[in-house]
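J.: I'd like to go over a predicted model; first the sequence, then the structure.
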Amino acid sequence: MDRAFRAFLWILAAASTATAVTLYLRVGDYSLEGLRGIWWLLGSTACSYIVVACAYSFAKTSLEGPNRRWLAAVFGLSLALPLGPFRMIDDLPTEVPAYLALVVLPLCAYLGATALLLYEFRCASTPGSNRVLRALLPASLSLGAALVLCSLFLRTTFGEGRGSAGIHILTRQAQWVTAGINVAHGVFGPVTAWLNVFYVVAGYPIYLLSVLTSVATLVGLILSRFSMERFQTWPLFLRAAALAIWSSLFVISDIFWGWHFDLSGATWAAALATALWLATPLGGALLLLPLARGRPAAGALSTLLILQLPLAAFNVLMLPVYFRPSSIADLPGLGCLILGLLIQSLVYTELLVRKSKKAAAITKLPEVAAKAA
């Protein structure tokens, strides 16, 4: 299993690098601005996966994961991501204070939350609890689910007027946002029809699953009276957690590759990008399978956090674009969807860490008592 997983990481890194080089050559801008553009679009992601592949190659087992130095390198690459689009595209604020507040600060908040979760995985003790945390966790989970449901009534896909709201995607009156703009279908062409089928077919169930999981989350919170202790004993808790984390991974992967429509002119590069688009959620599904069956796997969850970090960092960086009325991607519903799914994913991961550590502590109690006797 470890050998297969490490091979998967190296294939992911090689394919990401090949795609980045192809895009760089296709754009043909070899200036500093061109390098910054490639760094923002694919360079940071490719470098991150190379570092992750090296990190897991030196780890004893895939469950052990990277040490602090490797993790610091991955986080450093994500922190350097904002250097790429700064003052390069009009859809992001070009003033330094606004750019720091609206682009860099949210990215730092996401990276900080992820770093804290990875630190908790490595802690031997069970995380403590206090009043602030007891209020913050259900509030954050409710906010994440509410943001996803807000996308039903806001502009979530490309279309005219109210016909672009999320509810019109579910009623089949509008297509999912990447059904018409993706690595196989450029904004102005060309179109690789046999590749575009994947995006057309996948969009609807991805969005439907995200909405249903958010509804289930709110129902579970209400039934448990917003108590995290009761919520974690809810019969559907583990399945809802697995689906929330997986739907978040699928959406951020889908939207990430939706921004790379410039690859549509090179069929082999578009096919490689589509394979990467599929590989991330499929790999995530394999990691989450034990969780869906009722067996929390802390090592798998920490690995999933690291794997989605480069894609999530890009999506968080691009969030302000969706809320600017003058933007080419004025899609506030899509921004709410991405933000809501990421919040749910992080909170569910936090709850699963606590649940697994408590279970481990209870299992060790008889051993400790026997030694004391």
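T.: Now that the structure is in, tell me what you want to look at.
J.: and the pLDDT for Thr94?
T.: pLDDT, Thr94: 87.
J.: let's number from 77 now, not from 1
T.: Let's use 77 as the start, then, which means that last one is Thr170.
J.: how much space is there between the residue lying closest to it once chain neighbours are set aside and Val127?
T.: The shortest distance from Thr170 to any non-neighbouring residue, by Cβ to Cβ, 6 or more residues apart in numbering, is to Arg163 (4.9 Å). Where C-beta positions appear, they are placed from N, C-alpha and C, glycine not excepted. Arg163 sits 27 Å away from Val127, going by Cβ to Cβ, to the nearest Å.
J.: low-confidence ranges in the chain?
T.: Scanning the chain for pLDDT under 70 picks out 77, 137-140, 200-206, 236-238, 370-372, 435-449.
J.: so between Arg163 and Val127, which is more surrounded?
T.: Neighbour count, other Cβ atoms under 10 Å: between Arg163 and Val127, Val127 has more, with 21 against 13.
J.: please identify the helix or strand for the more buried one.
T.: Using DSSP states H and E, Val127 maps to helix 120-134.
J.: tell me the secondary structure for the residue nearest to Thr170?
T.: With DSSP: H, G, I helix; E, B strand; the rest coil as the basis, Arg163 sits in coil.
J.: about what we covered before: for the helix holding Val127, give me every contacting residue.
T.: Helix 120-134 has contacts (Cβ atoms under 8 Å, 6 or more residues apart in numbering) with 81-82, 85-86, 88-89, 92-93, 95-96, 138, 141-143, 146-147, 149-150, 153-154, 156-157, 160, 332, 382-383, 385-387, 389-390.
J.: drop anything exposed from the residues you listed.
T.: 81-82, 85-86, 88-89, 92-93, 95-96, 138, 141-142, 146-147, 149-150, 153-154, 157, 160, 332, 382-383, 385-387, 389-390 (16 or more other Cβ atoms under 10 Å).
J.: strands - which of the residues you listed land there?
T.: Judged by DSSP state E, strands contain none of those.
J.: against Ala373, how distant is Val179?
T.: In terms of Cβ to Cβ, Val179 sits 34 Å off from Ala373.
J.: now Val127
T.: Val127 is 23 Å from Ala373, by Cβ to Cβ.
J.: counting neighbours, what do you get for Arg79?
T.: Residues lying near Arg79 (other Cβ under 10 Å) number 8.
J.: angle of whichever strand or helix holds it against helix 120-134?
T.: Secondary structure assignment for Arg79, by DSSP H and E: helix 78-103. Angle of helix 78-103 versus helix 120-134, following axes from the mean of the first three to the mean of the last three Cα atoms, to 10 degrees, is 160 degrees.
J.: now for helix 78-103, which elements pack on it?
T.: Applying 3 or more Cβ pairs under 8 Å, 6 or more residues apart in numbering; DSSP states H and E, we find helix 78-103 packed against helix 108-114, helix 120-134, helix 343-368.
J.: could I get these as CSV with distance to Ile419?
T.: CSV is the format used below for the helices and strands packed on helix 78-103 (distance: least, Cβ to Cβ, whole Å):
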stretch, distance to Ile419
helix 108-114, 29
helix 120-134, 22
helix 343-368, 18
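J.: so which of the ones you listed is the most packed in?
T.: Compared across those, helix 120-134 shows the largest average neighbour count, a mean of 21 (mean count of other Cβ atoms under 10 Å).
J.: how far does that helix sit from its chain's centre?
T.: 17 Å (Cα atoms, centre = their mean, to the nearest Å).
J.: that concludes my questions; thank you for your assistance.
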